[in-house]
Structure formats: structure tokens, C-alpha cells
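Engineer: Structure, please.
(one chain, ligands or ions: 2)
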Amino acid sequence: MHTEIVAIVPAAGIGSRMKADIPKQYLMLGEQPILAHTLDCLLSHPQITQVIVALNPQDEFFADLPQARHPKLVIVIGGAERADSVLAGLQAAPADSWALVHDAARPCLTHQDIDALIASRTEFTQGAILAMPVRDTMKRSDANGRIVDTVERELLWHALTPQYFASAELKLNLQAALDAGAKITDEASAMEWAGVNPGLVVGRADNIKVTHPDDLALAKLFLSHRA
Ligand SMILES: Nc1ccn([C@@H]2O[C@H](COP(=O)(O)OP(=O)(O)OP(=O)(O)O)[C@@H](O)[C@H]2O)c(=O)n1
Ligand SMILES: C[C@](O)(CO)[C@H](O)COP(=O)(O)O
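Structural biologist: Ligands and ions are numbered 1, 2, ... in the order given. Below you'll find the model as predicted:
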């Protein structure tokens, strides 16, 4: 059974936690911006037929990226929240495709992890996400920063991206969850809202999301080790 696989890249954020003077996806990471690294990984994967990028309506940087002219690329306008940007990408996805939704801010993704996630569909037929088991003891705090209790960590995971679902099912469930006012911070939470139990595929620890200023040096170190 051949299924078309598209990548959807929410890239419409402003990166406020990064405290930079430009959106974080355009901060230089070695020789090119963060988003360029992310796009290179997805555009070069042989099973990905389209890369749909959701941009901020005020984006003034994307057109200058060499990747902007790639024949596999499709541009859509993102929305107020990440989920809205993903939904805009899903509107442009072929109806019978499967979507790999991947944060622009995760530039250290590898083909190895993409291959593992795509292959997981034989086991997780309703979709799966890359994730990392929690390694530290996990504490829950009160509003004053004091420990309330320790959370059992054996079954806790860090959700990563890509997150891999049938485009039509994800679009339907994401729209319904948002219409119902559900808090949706990743694609799996929309599928969970609809009663699906997505699979968890162990991903690389270096597939970090560049969120705070010190994440940039870490991402640079990870990519330099690849080279
Ligand atoms: N309205 C939004 C908000 C976020 N994103 C994208 O979703 C990804 C993960 O979100 P996050 O790391 O939170 O990025 P920002 O929202 O830009 O960061 P911040 O929350 O610090 O402003 C990023 O690639 C970001 O560009 C998006 O496409 N549309
Ligand atoms: C999708 C995600 O990267 C999974 O961990 C995360 O939920 C994004 O959160 P953000 O606050 O939008 O960065």
C-alpha cells in the first residue's frame, strides 16, 4: 500500500522565550538559520513528497532562504497558535496522505528518526510520535515553587516531533478539539481528545526544540558532532 507522506512545518511563531530581535527560526545555527536546517532534513528525505510550511503573515525572512525555491515546498499562512498553524498546513495536505508534523524549531532531526516513525505505522496503525522517556526524578510544585510531591516517572515521556498521523483524521480531530475549547499543544493531544491512543517511538535525545537562549549552543554542538 503506497501512501503519500507530507511534512507539515509550523514556522509561524515569534519565539518570545528566546528573547531575540528576530523570530528564533531565523537565528543562525552554524552556516544557516534554524529553519533552513529543519527544511534541509525534510526536503531531502526520499519518502516525503511535499513540505508544507506555515509562515507568520508578517514573515520577512523566509523568501531569502535558498530552500524557499525548492519544488517540494508549499507555503501556507499560520495562525494565532501552533495548532492553528498546523491546521492551516493540513488544509493544504492531500486528503489521502499521512502527515509528519515537525516543529521548525527542532533543527537536529535525522532521517534515522523519520524512518523509525514511518515504519512504526505497521504497529501503531492510528499514528505515533517521536518521544523520549523521562530520565530524571519528576517533581510537581505549588505556585510558590515548592515541591508538592514526586510523580511516578516510569511511564512518563517527553513528546517530540515529528508526530505522524493520517492527514484527514488529524485535521478532523484537531478542528473538533479546538472547537470544543480543548488545550492542544501537540498533534497527539488532539488525537487523544478524540479517543485515539497514539504510539510512542523512542527518538534521539538531540532532537531538541530551540526554545530558550542556551538551547542554541546545544543545537550547534549536536549538529557539529554530526559533521
Ligand atoms: N502561532 C504559532 C506558534 C508557534 N508556531 C511554531 O510552533 C513551533 C513550536 O512552538 P514554540 O517552540 O513555542 O515556538 P514559538 O511559539 O515561536 O515560541 P514562544 O512560545 O517562545 O513564543 C515553532 O516552530 C513555532 O514557529 C507556529 O507555527 N504558529
Ligand atoms: C509539539 C511539541 O514540540 C511537543 O513537545 C511542544 O508541545 C511544542 O510546545 P510549544 O510551547 O508550542 O513550543
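Engineer: What residues does the protein have near ligand 1?
Structural biologist: By CB under 6 Å from any ligand atom, the part of the chain that sits against ligand 1 consists of 10-17, 24-25, 54, 78-82, 85, 103-105, 209, 211. For every residue, glycine as well, the C-beta is placed using N, CA and C.
Engineer: So Val74 lies in a helix, does it not?
Structural biologist: No: judged by DSSP: H, G, I helix; E, B strand; the rest coil, Val74 forms no part of a helix; its state is strand.
Engineer: pLDDT score assigned to the residue nearest to it when sequence neighbours are not counted?
Structural biologist: Among residues not flanking Val74 along the chain, Ile52 sits closest, at 4.5 Å (CB to CB, 6 or more residues apart in numbering). pLDDT for Ile52: 99.
Engineer: before we move on, which element is Ile52 in?
Structural biologist: strand 48-55 (DSSP states H and E).
Engineer: what's the answer for Leu178, then?
Structural biologist: helix 167-179.
Engineer: Grab the CA positions of the following helix or strand past that helix and hand them over as PDB.
Structural biologist: Counting by DSSP H and E, the element after helix 167-179 in chain order, helix or strand, is helix 187-193. As requested, the backbone C-alpha atoms of helix 187-193 are provided in PDB (Å, rounded to 0.1, in the frame of the first residue of the first chain):
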ATOM      1  CA  GLU A 187      -1.000  16.700  17.400                       C
ATOM      2  CA  ALA A 188      -1.200  13.700  19.700                       C
ATOM      3  CA  SER A 189      -3.300  15.600  22.200                       C
ATOM      4  CA  ALA A 190      -5.900  16.300  19.600                       C
ATOM      5  CA  MET A 191      -6.000  12.600  18.700                       C
ATOM      6  CA  GLU A 192      -6.100  11.600  22.400                       C
ATOM      7  CA  TRP A 193      -9.100  14.100  22.800                       C
END
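Engineer: Tell me which other helices or strands helix 187-193 touches.
Structural biologist: Using 3 or more CB pairs under 8 Å, 6 or more residues apart in numbering; DSSP states H and E as the contact test, the elements touching helix 187-193 are strand 157-166, helix 167-179.
Engineer: Contacts for it, please.
Structural biologist: By CB atoms under 8 Å, 6 or more residues apart in numbering, the surrounding residues in contact with helix 187-193 are 83, 86, 101, 126-127, 129, 159, 163, 165, 169-170, 173-174, 176-178, 180, 182-184, 198.
Engineer: swap the cut-off to 7 Å and go again
Structural biologist: The contact list for helix 187-193, computed with CB atoms under 7 Å, 6 or more residues apart in numbering, reads 86, 101, 127, 129, 159, 163, 165, 170, 173-174, 177, 182, 184, 198.
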